[in-house]
Structures are given as structure tokens and as C-alpha cells.
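In: here are the coordinates; sequence isn't available:
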């Protein structure tokens with residue numbers, strides 16, 4: 001049976017959908033990255049004051065990593081219900097959960113007030129953040145991918161990806177402004193709470209925009225067809241997770257491998273760099289924050305460019321440029337920081353994020369195109385978030401531990417290179433997907449040819 005036809009949305013409607021996804025992901029990544037920056041700058045003193053400075057930083061990064069541990073669970077739960085109930089409902093829920101947890105962190109008592117209960121409460125709220133973010137990414141990119149123009153899917157789907165640098169930009173910008181305007185003692189006493197409490201205002205804005213968009217037409221068509229098949233066959237529909245493991249287990253593994261270099265390099269470049277620049281290179285917090293701030297603006301600008309390029313040459317070539325690039329850049333990255341010069345630090349972070357964008361931009365369309373509609377939320381979310389436990393979660397922790405043990409950046413560079421090799425292998429094993437038809441309801445219709453195009457009789461179900 002052919003899938004019901006879905007006409008492309010009007011340009012104005014598509015732009016509103018892109019804006020809704022972008023604003024939502026920006027807010028959620030703001031919340032998530034704000035924690036990472038605070039973990040590097042102040043949480044070691046506020047929640048783990050009995051440890052020496054580097055051990056305190058390790059412990060604060062450990063609570064940072066806990067949020068990643070909850071992301072696979074969020075991917076499973078949000079993916080399941082997102083494939084059953086729709087993308088939009090779950091995106092609203094994820095935004096409320098993330099924003100609520102971040103606002104609550106801003107109200108937390110510190111170790112000086114409640115003792116050991118402070119880091120416990122911090123960890124619980126971090127788990128809620130991770131659970132929400134585990135469901136956010138898949139829904140946001142699918143809402144755009146399934147609405148968008150197939151010929152420019154890489155470009156349009158890359159816009160929700162800019163929510164990561166936009167959130168990083170916003171979080172770092174707020175922290176940078178506060179550290180510049182406040183004394184260190186005032187910031188440590190109460191100023192650090194301001195950016196967390198600001199999340200409450202941002203969530204209200206995000207909800208207003210996100211509630212205004214329509215559900216994915218591809219998903220609605222898939223639901224209607226699935227209901228017809230259930231009625232005709234008289235059998236219950238398989239759980240999306242079961243269908244993913246049956247039809248797309250190879251794609252899940254490829255997505256997990258593809259994320260290794262992307263995830264690890266990002267958190268080394270944006271979170272661990274705050275530790276390395278302020279300890280090993282003896283630069284000020286303000287200098288390190290300013291470098292990440294400016295580089296994040298460049299990152300935001302280049303992601304749509306990489307996404308558009310993936311529409312022209314394919315997802316794989318662009319992704320591989322990014323993986324090879326971050327692997328080759330890792331030694332110059334630390335060498336530039338070691339010069340203790342702001343310009344060199346800025347160049348190191350900016351080039352690193354430039355190559356990262358080549359992986360992150362096509363990732364939304366690439367992962368969406370790997371999976372069939374009725375299991376796409378589950379498949380894309382599982383592939384993306386399960387890898388985060390082994391990649392992004394321990395990256396700042398491992399990098400900090402390597403620095404403490406070896407007092408050298410060389411082991412950290414080798415760590416990033418190993419991740420890049422895994423990603424090159426995974427993406428090399430993948431099939432090109434840029435010509436895939438997202439109206440494939442039940443499973444991958446057919447393997448694409450060498451150019452990535454599907455046979456004409458395999459483009460609908």
C-alpha cells in the first residue's frame with residue numbers, strides 16, 4: 001500500500017516549525033551546558049568543598065556525567081511514546097522537565113548549608129535533566145525532518161542542531177557577563193544562581209512557540225496507515241523498540257559509533273577546555289569563557305553551511321571530514337592553548353568546533369533517514385543517546401583524570417584520536433541516506449544505490 005501523500009509545508013510554516021525546534025533545543029541545551037560550565041567553575045567549591053581543587057572538579061564532573069547516564073532511559077521512554085503519540089507532545093514534556101530541573105538547581109542549598117544532602121540533591125536534578133534531554137533531541141530533529149523539503153533536508157534539519165551552540169553561547173555568555181560584573185566572592189555566594197533561575201523565563205517562551213506548531217504530517221500519515229493494517233490484520237502493533245532491534249540494529253550501532261568523535265570532541269573542546277586553560281595554561285576563567293563564547297558563535301554559523309553541503313555531496317563525506325578533522329586537530333589544539341595567549345586559545349577552540357560542526361550538522365538528517373517512520377523516534381534517540389554514556393558522559397572526567405595522572409595533554413589527544421577512528425569506521429560502514437524517502441512506514445524499503453538513491457519502486461510502502 002502506498003503511503004498517503006503529504007504535501008510539503010509552505011515556506012512560512014516550515015520556518016515556524018524550524019524556529020519552534022530551534023528555540024526549544026536552545027533552551028534545553030542552555031540548561032544542560034550551564035551545568036557543565038558551572039561544574040568546571042564553581043560546583044567543586046559549593047558542593048564538594050572538602051576535596052582538593054582538582055579532586056573537587058573531578059567529583060563535580062562526575063555529577064555532570066550522571067546526567068548522561070539518564071539520557072538512554074529518556075531515549076527509550078520518549079522514543080516509545082513519541083512513536084505512539086506523536087513528536088509534539090513529547091517535546092513539550094521534555095522542555096517542562098528540563099526547565100523545571102534547571103530552575104530548581106538555582107534554588108539548591110549548598111554543602112555549607114545542608115552538608116552531604118547538597119550533592120545528592122544536585123545529582124537527582126541532574127538525572128532529571130539527562131532524562132529530558134534524552135528525549136528532546138530525537139523529537140526536535142524529526143519534527144523538522146518530517147516536515148521539510150526532501151531536497152534540502154540536511155539544511156533544514158541542521159537548524160535544531162544549532163540549538164547546541166546557541167545554548168552553549170547563551171550559557172557561556174550569561175556566565176561570562178556575571179563573572180565580569182561581579183566579584184569572585186559574590187559570584188560564588190549567590191551570583192551563580194542567576195543563570196539557572198533565568199531558565200524559568202526561557203521555558204515560558206519556548207512553550208509558547210512550541211505549542212503553536214503542528215504535528216509531523218509524515219507521522220500522522222504513518223499512524224493512519226498503521227491503524228488500517230491493525231484493523232485488517234486484527235493483530236497488535238509491535239513495540240517501536242522491538243521493531244528497531246529487529247529491523248535497524250545495524251543502524252543503531254552505526255549511529256552510536258558515529259557519535260563517538262562528535263560527542264567526545266565537543267565536551268573536550270567546550271567543557272574540559274575551561275579546566276585545562278585555567279589550570280595547566282594558567283589563564284583566567286574570564287579568558288577561557290570568552291574564547292568558548294566567540295567560538296560558539298562561529299559554530300552556530302557553520303552548522304547550517306555543513307548541513308547544506310550534505311544535501312549536495314551526501315551525509316557521509318561531510319561527516320567524515322569532521323571526524324578526520326577533529327582527530328588531526330587535537331595536538332595543535334592543546335599546543336595553541338599552552339602558549340597562554342588568548343588569540344591562540346580562540347583559534348584552538350574555533351577550529352575544533354568548525355570540524356565538530358561537520359559531524360553535528362548532517363547528523364540530524366543522517367540519523368532520521370536511517371529509520372522507518374513508526375520506529376524513527378525510538379531508533380534515532382537510542383542510537384544518539386546510548387552512545388552518550390560511553391562518549392560525552394565521561395569525556396570531561398576522563399580528560400581531567402588523564403591531566404591529573406600524567407600532567408600532560410598527550411594522553412588526552414590520543415583519547416580524542418581513538419574516538420575519531422571509531423567514528424570513521426562506523427560512518428564508513430554506513431550507506432549514504434540523503435535520497436531516502438521518510439514516508440517509509442514499516443522498515444527500510446530497499447538499499448540505495450552507489451549514489452544513495454533508492455529504486456523508484458521502493459520509495460513508498
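Out: Everything's here; your move. For clarity, every value in this text was computed on a predicted model and none was experimentally measured. Residues are numbered from 1 along each chain as shown.

In: all helices of the stretch 201-350 of the chain, in order?
Out: For the stretch 201-350 of the chain, applying DSSP state H, counting those that start in this stretch gives helices covering 217-233, 240-247, 249-267, 273-279, 285-313, 315-337, 342-370.

In: Now do the buried residues in the fourth one.
Out: Of the residues in helix 273-279, 273-278 count as buried by neighbour count, 16 or more other C-beta atoms under 10 Å. Yep, even glycine has a C-beta here, placed from its N, CA and C like the rest.

In: Put together TSV for the helices of the stretch 201-350 of the chain, with distance to residue 114 on each row.
Out: Formatted as TSV, these follow (distance: least, C-beta to C-beta, whole Å):
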stretch	distance to residue 114
helix 217-233	45
helix 240-247	39
helix 249-267	29
helix 273-279	27
helix 285-313	26
helix 315-337	37
helix 342-370	36
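
In: Go through those helices and name the closest to residue 47.
Out: helix 273-279 (16.3 Å; C-beta to C-beta).

In: Give me the residues contacting the closest one.
Out: With contact meaning C-beta atoms under 8 Å, 6 or more residues apart in numbering, helix 273-279 is reached by 37, 40-41, 54, 57, 283-285, 287-289, 291-292, 334, 337, 345, 348-349, 396, 399-400, 403, 409.

In: run the last query once more with 7 Å
Out: 37, 40-41, 57, 283, 285, 288, 292, 337, 345, 349, 400, 403 (C-beta atoms under 7 Å, 6 or more residues apart in numbering).

In: which one of those has the most neighbours?
Out: If you count neighbours using other C-beta atoms under 10 Å, the busiest of the contacts of helix 273-279 is residue 292, which has 31 neighbours.

In: Please name the nearest non-neighbouring residue to that residue.
Out: residue 172 (5.1 Å; C-beta to C-beta, 6 or more residues apart in numbering).

In: quick check: mean pLDDT across the helix or strand hosting residue 194?
Out: Using DSSP states H and E, residue 194 falls within helix 193-210. Helix 193-210 shows an average pLDDT of 86 in the prediction.

In: Quick check: which helices or strands does that helix pack against?
Out: helix 11-41, helix 87-105, helix 163-181 (3 or more C-beta pairs under 7 Å, 6 or more residues apart in numbering; DSSP states H and E).

In: for those, which one sits closest to residue 371?
Out: With C-beta to C-beta as the yardstick, what comes closest out of these is helix 87-105 (13.4 Å).

In: Tell me which residues are up against that closest one.
Out: Contacts for helix 87-105 (C-beta under 7 Å, 6+ apart): 24, 27-28, 31, 34, 78, 81-82, 122, 125, 128-129, 131-133, 135-136, 139-140, 142-143, 196-197, 199-200, 202-203, 206-207, 210-211, 213, 215-216, 219, 377.

In: Just the buried ones among those residues, please.
Out: Taking 16+ other C-beta under 10 Å as the criterion, what is buried in the contacts of helix 87-105 is 24, 27-28, 31, 34, 78, 81-82, 122, 125, 128-129, 131-133, 135-136, 139-140, 142-143, 196, 199, 202-203, 206-207, 210, 213, 215-216, 219, 377.

In: Mean pLDDT per helix and strand in the protein: which one sits at the bottom?
Out: One helix or strand of the chain scores below all others by mean pLDDT, DSSP states H and E: helix 217-233, with a mean of 72.

In: sorry, back to before: which one, of the helices of the stretch 201-350 of the chain, ends up nearest to residue 157?
Out: Closest approach to residue 157 among these (C-beta to C-beta): helix 342-370, 3.9 Å.

In: mind listing what residue 324 touches?
Out: Residue 324 makes contact with 420, 424 under the criterion C-beta under 7 Å, 6+ apart.

In: residue ranges with poor pLDDT in the protein?
Out: Within the chain, the segments meeting pLDDT under 70 span 1-12, 40, 50-61, 64, 148, 226, 229-238, 440-461.

In: if you set the cut-off to 50 instead, what comes out?
Out: In the predicted model, the chain carries pLDDT under 50 at residues 1-7, 443-461.

In: Can you tell me which of the buried residues of helix 273-279 is nearest residue 429?
Out: Among the buried residues of helix 273-279, and counting by C-beta to C-beta, the member closest to residue 429 is residue 273, at 31.1 Å.

In: ok, so what distance separates that closest one from residue 395?
Out: According to C-beta to C-beta, to the nearest Å, residue 273 stands 11 Å off from residue 395.

In: How about residue 104?
Out: Taking C-beta to C-beta, one finds residue 104 at 26 Å from residue 395.

In: between these two, who's got more neighbours?
Out: residue 395 (29 against 19).

In: Now do the contacts for the more buried one.
Out: Residue 395 neighbours (C-beta under 7 Å, 6+ apart): 263-264, 267-268, 272.
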